[in-house]
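**Q** sequence and predicted structure below; questions after.
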Amino acid sequence: MIRELTIPTPEQACLVDITGQIVQTVQTSGVSDGTAFLYVPHTTCSLTIQENADPGVPHDLLLVLRRLVLRRDPEYRHVEDNSAAHLQASLMGCSHVVFVAGGRLVLGRWQAIFLAEFDGPRTRRVLVKVVPDHP
Amino acid sequence: MIRELTIPTPEQACLVDITGQIVQTVQTSGVSDGTAFLYVPHTTCSLTIQENADPGVPHDLLLVLRRLVLRRDPEYRHVEDNSAAHLQASLMGCSHVVFVAGGRLVLGRWQAIFLAEFDGPRTRRVLVKVVPDHP
Amino acid sequence: MIRELTIPTPEQACLVDITGQIVQTVQTSGVSDGTAFLYVPHTTCSLTIQENADPGVPHDLLLVLRRLVLRRDPEYRHVEDNSAAHLQASLMGCSHVVFVAGGRLVLGRWQAIFLAEFDGPRTRRVLVKVVPDHP
């Protein structure tokens, strides 16, 4: 069963911490031990798992991605003027795997799950499937 | 069961849209609802899920990767002269997870699955496993 | 069942080949045909699958990542002075999917699984779950 989250992104480029919604989705699934597959069905945003304790980390991540992939470039051919967002999204990736144990997400102490928006603000979808170890 | 696709890549660096072959593989598997795992058993090509509506997007993706990872560099140590291809491949990644529902791949409206070739032309293999939700 | 590896990383930035430990974990699981999910519960190291035949490849990978994401930058805001490690880790990713067939990992001829350390030396954890195709 595919569960769907709706995530508004407030800025052109931002990291939105969606750990709470993923945790809730896992709980709703009723799966105690299993694996959660996460997927964004978009081409200009991504999923990344990073530290959320210090807001400096998301800031610096976006800073570096902005420098690596320039917003404007005379050689870009994409007609919609958001090439950078596509490229940043491909660098981060759109699918992830996370474990579930005892009904809880198995994240490292400093890990949080972020939707990485590169072409917002928009409303994004995140798809989640929680597969039990012993069906 | 691991299914295998054979994908010829026509250029040194190119994105080959393999969505059709993946769709066909999912149909052949007979799985209606499940999860498809994709894997390339190579170190100089990748899988990426991106827009295929405008060919400008693949063009710009390759352009940026070429600039980020230079083909020649006096400090490279790899003896085969294709270091850039290895690094570009690691940036994009070699495995992906996609959902299957009602016998169809669950892709976003603009999403296509690409084999990203960085050291072609070659013939590449893509491995696919489709796991049903309810075995 | 989540299995856990403990991996010491000897340098500030290095690629540690953990293929042997993953192979052993798969063997211990007793799963003949299935899928292995790999996960690092950290925010400054990653998993990447790359060539290990020539040590030049890991060297060049780290070289390029060091150039793409500078260790020091006047605009970084993260207080712990390891922003670069966080960003490099997000570029590589923390989860991977690998197939198992006949009790063996299905890797390409040149592929090895590396823990990519960007903020060592440390002792890192790698989580592995091996899910059989036919439970």
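**A** Perfect, I can see it now.
**Q** now the element after the strand or helix carrying A:T25, going C-ward?
**A** Using DSSP states H and E, A:T25 maps to helix A:19-29. Next along the chain after helix A:19-29, taking DSSP H and E as the criterion, comes strand A:34-39.
**Q** any part of that following strand near chain B?
**A** Yes - contact of strand A:34-39 with chain B (C-beta under 8 Å from any C-beta of the partner chain) involves A:F37, A:Y39. C-betas here are computed from N, CA, C, even on glycine.
**Q** same deal with stretch A:56-63?
**A** No - under the criterion of C-beta under 8 Å from any C-beta, stretch A:56-63 makes no contact with chain B; the nearest approach is 14.7 Å.
**Q** quick check: chain neighbours aside, which residue is closest to A:V97?
**A** The spatially closest residue to A:V97, leaving aside those adjacent along the chain, is C:S95, at 4.2 Å (C-beta to C-beta, 6 or more residues apart in numbering or on different chains).
**Q** tally of neighbours for the one you found?
**A** Using other C-beta atoms under 10 Å in any protein chain shown, C:S95 is surrounded by 24 other residues.
**Q** now do A:P8
**A** By other C-beta under 10 Å, 12 other residues sit near A:P8.
**Q** is A:T6 in contact with A:L127, as I believe?
**A** No - A:T6 is not in contact with A:L127 according to C-beta atoms under 8 Å; the separation is 11.0 Å.
**Q** who has more neighbours out of those two?
**A** Using other C-beta under 10 Å as the criterion, A:T6 and A:L127 rank with A:L127 on top: 21 against 9.
**Q** which element is the more buried one on?
**A** Short version, using DSSP H and E: A:L127 is in strand A:122-132.
**Q** what of A:V16?
**A** Using DSSP H and E, A:V16 maps to strand A:14-17.
**Q** list the helices and strands that strand packs on?
**A** Where contact means 3 or more C-beta pairs under 8 Å, 6 or more residues apart in numbering or on different chains; DSSP states H and E, strand A:14-17 is packed against helix A:56-68, strand A:111-117.
**Q** list the buried residues of the last one.
**A** Counting neighbours by 16 or more other C-beta atoms under 10 Å in any protein chain shown, one finds that the buried residues in strand A:111-117 are A:Q111, A:A112, A:I113, A:F114, A:L115, A:A116, A:E117.
**Q** want to try TSV for the residues you listed, with pLDDT and distance to C:C14 as columns?
**A** Shown next, in TSV, are those (pLDDT from 0 to 100; distance: C-beta to C-beta, whole Å):
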residue	pLDDT	distance to C:C14
A:Q111	98	21
A:A112	98	26
A:I113	98	27
A:F114	98	26
A:L115	98	31
A:A116	98	26
A:E117	98	32
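**Q** across the sheet, point out what pairs with A:P132.
**A** Here A:P132 sits in beta bridges with A:G34, as judged by DSSP bridges.
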